[in-house]
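> how would this look folded up:
(2 chains)
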Amino acid sequence: MAEGEEIFDEMHGFGEGVRAPYASYGCWFDKTTPSALLKKSRDAQTFFRRTGITFNVYGDAEADERLIPFDLVPRIIGASEWALLVRGIEQRVKAINAFLYDIYHRQEIVRAGRLPERLIRENDAFLPKMIGFDPPGGIYTHIVGIDLVRTGPNEFFVLEDNARTPSGVSYMLENRETMLKMFPELFAQMSVQRVSGYPMALRRSLERSAPHQASGRPTVAILTPGIHNSAYFEHAFLADQMGVELVEGHDLRVVGGRVAMRTTQGYEPIDVLYRRVDDDFLDPLNFRSESMLGVAGIFDVYRAGGITIANAPGTGIADDKAIYSYMPDIVEFYTGQAPLLKNVPTWRCAEADSLSYVLEHLDELVVKEVHGSGGYGMLVGPAASKKEIAAFRKKLEARPSNYIAQPTLALSTVPVLTKAGLSPRHVDLRPFVLVSSDGVEVTPGGLTRVAMKKGSLVVNSSQGGGTKDTWVLKEG
Amino acid sequence: MRLTVDHTSTYSYETGVSYALQQVRKRPVSLPSQSILSWDLSIDGAHWETSYTDHHGNLVDLIQLESGVTSVSVSVKGEVETHDTSGVMGGHSQLVPLWLYQRYTELTSPAKGLRALAGKFSRYPAQDIGVLHELMAEIAGVVAYQTNETDSHTTAEDALQQGQGVCQDHAHIFIAVARLLGYPARYVSGYLMMTDRVDQDAGHAWAEAWVDGLGWTGFDVSNGISPDARYIQVATGLDYSDAAPIRGLVYGAGRENLVVSIQVQQ
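Numbering: from 1, shown residues only, chains lettered A, B, ... in the order given. As a prediction, this is how the structure comes out:
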């Protein structure tokens, strides 16, 4: 972002006073003493420690599990703002599913010249074994987490489409539960939409995607890589909340042409498996043979119509950062409409002109690895030292096609509580989206990630970011 | 030509199998070059789990070995009416994009030897079927047909360096070089009726390359010809591992021994 550019604060706008969605909260806040709030904040941390929400941080040998900072000033979104977002998200998610179907069938978008063939051809996330297969209900991405940022009252941008295995929904649920405990009076005053229906909505949505071979009420299970996975807590939490089994690869095997789990009454077939294991590790018979996390033969059973895997294998092609830059074309191609949600302008370093621009403006841009995630391996130009920029330049020049670059947007802020009172911090938003043959369902809320360091734009929890509860107000 | 096939593969294991799943690609489909009149698959020592069509259009049967068995056999019996198409199989009917057949796989990834071999043909015009026939003859000249010198894990590069191999190695070398020369190429497993005998030594394998204007065209390096009416195509893929008659995972069975009996006759 340019020096001195004005930042939109979601509570105070561009300095014109408290914005409408925050009006009731603002009154309440003014009447509450700072010391009482700081005490609540400590209570909240204790609560989290007790419930055990922790996050394993890669590359941090000292603390295997660490508490993600939680800030108790909510991020509040008005009903009309939310309605705008929901329409945009629905459109985008429908386009993503249509894109995945097309890419694994006739690739019309490539034939039409709207997407370069090399983006599929040279993409590790493209899974040839999915070609020609119709997943149950035609759904590839049952669960999506679209990362959004905001720069003004009606200016939203999509930062990333997480179409593989978006995590973080447990934070949305636990943050709300904590806030309800801390501030029951606020929820009594304000009409905040509930998020607690998510686990059952997820279960219903998965059940609707059961394969034809299922009989009776479909059996759903969650497949986790195990306790050492950074999101294990979430897997266990969701299984518990949904009332379904949490399983590991060694609990499952092929029985009678189905994938079945071991129970005290013998093997029970699973109809829908919400897997939190990556494609490569899903099936040692069909993918990486050394994998101990998956189930041998599950992909054969899948292609034979004996199980639904959510999300479908091969969906990673849709949230690849190189594909991302084509999302506006993708949305238009499959929906016939202009995209409602904007993309962040993106330079593809694979293209010579873009690369030379990016190399000249490294100090202004955010440069990301095409296949990276979690804020690893990226350069935030304005925050980087000369030495860091020089080192990154070498990496970029060595493998330009591995990178994309984006301007550093003037991300909106939401106040956090500090010892000195409220202070603005940059945020993003991950709403959680469920897709079934019945349609697209967006939970009114989401995960707001906040950069706890003043001025910082990196909100990833692996990089010291925190979270906030996200309130979507009811109409009227 | 009406061919009958009677093929049994018997695997025996040193100790009882604790858990094993196998993908079986032994069911041919009707093509311009062949009509399947009858075809039966039977298994002993294992049970059928499910079947499906894979991305290459192959029919796949997933079977599970009975726990504790020391011997498993998979048999096919069938009758096929074949037509001589001079190796030209025609258009591409699958959804798999042709560029996928230019991808190098573990078994066909080129190193020095394969690149040098391709270099000999690089000055020929593109999409010239004559080049592919010369390539077929060249490979047969430098890699002698010799059993027991290579196995199913031998790469094209290794077989070329060794100068010896079987039909699988010949096909892999052909595929790798054809891809280096810009042709989409694929591996075919199937049967060949050797006219001088009823009992065939092994299942057969050859290669197909995509030639503009002709489509998929077969090249059998080991026999120096393009497939004719004596050939039955069973499965195709990027290499052996995609099209193998049987592949899978076997846990806790010790050493494996395979005995094959194949009869192909008119």
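> and whatever residue of the stretch 101-250 of chain A ends up closest to chain B, how many residues sit next to it?
Per Cβ to the nearest Cβ, residue A:131 is where the stretch 101-250 of chain A lies closest to chain B, at 4.0 Å. For the C-beta atoms, the positions are set from N, CA and C on the backbone; glycine is no exception. Neighbourhood size, residue A:131 [other Cβ atoms under 10 Å in any protein chain shown]: 21.
> What are the buried residues along stretch A:233-253?
Neighbour-count burial for stretch A:233-253, counted by 16 or more other Cβ atoms under 10 Å in any protein chain shown, picks out A:233-239, A:241-242, A:244-249, A:251-253.
> on that earlier part again, what's near enough to touch the residue lying closest to the residue of the stretch 101-250 of chain A closest to chain B once chain neighbours are set aside?
In space, not counting the residues next to it along the chain, residue A:131 is nearest to residue B:55; the distance is 4.0 Å by Cβ to Cβ, 6 or more residues apart in numbering or on different chains. Shown here is residue B:55, whose contacts under the criterion Cβ atoms under 8 Å, 6 or more residues apart in numbering or on different chains are A:128-133, B:94-96.
> what sits against residue B:209?
B:132, B:174-175, B:178, B:183-185, B:216-217, B:219 are the contacts of residue B:209 under Cβ under 8 Å, 6+ apart.
> same question but for residue A:202, I mixed them up
By Cβ under 8 Å, 6+ apart, residue A:202 lies in contact with A:143, A:238, A:242, A:274, A:434.
> sorry, back to before: now the residue of the stretch 101-250 of chain A closest to chain B: phi and psi?
phi -60, psi 130 (degrees, to the nearest 10).
> For it, which residues are in contact?
A:104-105, B:55, B:94-96.
> just checking, what packs against the helix or strand hosting residue A:37?
Here residue A:37 sits within helix A:34-51, counting by DSSP states H and E. Contacts defined by 3 or more Cβ pairs under 8 Å, 6 or more residues apart in numbering or on different chains; DSSP states H and E place helix A:34-51 against strand A:70-77, helix A:169-182, strand A:413-418.
> If we go by neighbour counts, what in that helix is buried?
So, applying 16+ other Cβ under 10 Å, buried residues of helix A:34-51: A:37, A:40-41, A:44, A:47-48.
> what does stretch A:259-268 give?
Within stretch A:259-268, the residues that count as buried by 16+ other Cβ under 10 Å are A:259-261, A:267.
> Now do the contacts for residue 154.
Going with chain A. A:81, A:84 are the contacts of residue A:154 under Cβ under 8 Å, 6+ apart.
> Actually, chain B is the one I wanted.
B:107, B:162, B:165, B:168-169.
> and which of those residues is nearest residue A:352?
Closest approach between those and residue A:352, by Cβ to Cβ: residue B:107, at 35.1 Å.
> Now do the closest one against residue B:155, distance only.
5 Å (Cβ to Cβ, to the nearest Å).
> Those two - which one has more neighbours?
Of the pair residue B:107 and residue B:155, residue B:107 is the one with more neighbours under other Cβ under 10 Å, namely 25 against 22.
> In a helix, that one, correct?
No. Under DSSP: H, G, I helix; E, B strand; the rest coil, residue B:107 falls outside any helix and is assigned coil.
> For the stretch 251-400 of chain A, which residues are neighbours of chain B?
Within the stretch 251-400 of chain A, the positions lying close to chain B (Cβ under 8 Å from any Cβ of the partner chain) are A:253-254, A:256-257, A:284-285, A:289, A:296-297, A:300-301, A:303-306.
> ranking those residues by neighbours, who comes first?
Neighbour tally across these (other Cβ under 10 Å): the maximum, 29 neighbours, falls on residue A:297.
> can I assume that one is in contact with residue A:254?
Yes. If you go by Cβ atoms under 8 Å, residue A:297 and residue A:254 touch, sitting 4.2 Å apart.
> who touches both of those two?
Joint contacts of residue A:297 and residue A:254 (Cβ under 8 Å, 6+ apart) are B:21, B:49, B:62.
> What is the subsequent helix or strand relative to the strand or helix carrying the last one?
Which is residue B:62. In this assignment (DSSP H and E), residue B:62 forms part of strand B:59-65. Using DSSP H and E, the helix or strand that directly follows strand B:59-65 along the chain is strand B:71-82.
> which of the buried residues of helix A:34-51 sit farthest apart?
By the measure Cβ to Cβ, A:37 and A:48 form the most distant pair in the buried residues of helix A:34-51, at 16.7 Å.
> quick one on the thing from earlier: got the angle between the helix holding residue A:37 and strand A:70-77?
Put simply, helix A:34-51 runs at 100 degrees to strand A:70-77, going by axes from the mean of the first three to the mean of the last three Cα atoms, to 10 degrees.
> Now do the SS call for the closest residue to residue A:305 other than its chain neighbours.
If the residues on either side of it in the chain are set aside, residue A:305 comes closest to residue A:211, at 5.2 Å by Cβ to Cβ, 6+ apart. Under three-state DSSP, the three-state class of residue A:211 is coil.
> what do you get for residue B:261?
Under three-state DSSP, the three-state class of residue B:261 is strand.
> quick one, domains of chain B?
B:2-82+B:246-265, B:88-243 (automatic domain parsing).
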